[in-house]
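In: Attaching a predicted model along with its sequence, questions to come.
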Amino acid sequence: MTDPTLALTILLQALGNWIVLGLMFTGIVVTMYLGLYRLLTPRWKERVKQELKPIKNWNDYKDAKNAPWSGSGGRENSMIVMGSIFVVAAFTVLAGAATSVASQGIAIAAPIVYCLWLVTIQLSTRVMNDCDAEMRLIAQDKMAAVLRGLYGDGHGKTWLIRFRRNHWLVYVPILWLSPFYLLLR
């Protein structure tokens, strides 16, 4: 049996500290995000089910501006705009850190800020939109049923929908590998 610390030391030497650390932090963030999603989704679905009677008795749900889920489009758009700002801001911090040796320590702020946004804003928006979809199904919204059948729930039915619903995670490895490269190369 091999010593795990020896294996880690060999891995660090073979790949370089910055790659191993970047991949390790990427794994932590992605695992935390997906774990929190898996934990929060059933809890919020239960909360929605506790409100079955008021949702089923909702008379104006076909009037889009009065429906309890009418804010999901605006919430999604706001999250996309905010996410775009955070992605650009994170890469700008990295670019600034790459231009000067004196400011390389600030590079670690880029993935931290982005990951905080990812777990607080993006994840909560995704769970809220899932709840909106559940409410629409309970209210027997036919379009919601068609969309659920087409796209699936949770992460989705097809690879394209899974990517679309989780595309914010694509930036995580880049944002974690880059500062470690700047700091440890």
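Out: The structure has been received and is ready for your questions. Residues are numbered from 1 along each chain as shown.
In: where exactly do the helices run in the protein?
Out: Using DSSP state H, the helices of the chain run over 4-15, 17-49, 52-56, 72-99, 109-117, 123-138, 142-151, 159-166, 171-184.
In: Export these as a markdown table, with columns for mean pLDDT and mean neighbour count.
Out: Bear in mind the C-beta positions are built from the backbone N, C-alpha and C, glycine included. Compiled in a markdown table, the helices of the chain are given as follows (pLDDT from 0 to 100; neighbours: other C-beta atoms under 10 Å):
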| stretch | mean pLDDT | mean neighbour count |
| --- | --- | --- |
| helix 4-15 | 72 | 11 |
| helix 17-49 | 88 | 15 |
| helix 52-56 | 73 | 13 |
| helix 72-99 | 81 | 15 |
| helix 109-117 | 91 | 20 |
| helix 123-138 | 85 | 19 |
| helix 142-151 | 84 | 13 |
| helix 159-166 | 88 | 13 |
| helix 171-184 | 88 | 20 |
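In: Hmm, Val172 is touching Val30, no?
Out: Yes: Val172 is within contact range of Val30, at 6.1 Å (criterion: C-beta atoms under 8 Å).
In: quick one: contacts for Pro185?
Out: Slight slip there: residue 185 is Arg, not Pro. 16, 18 (C-beta atoms under 8 Å, 6 or more residues apart in numbering).
In: now swap in Val30 and tell me
Out: Here Val30 is in contact with 169, 172 (criterion: C-beta under 8 Å, 6+ apart).
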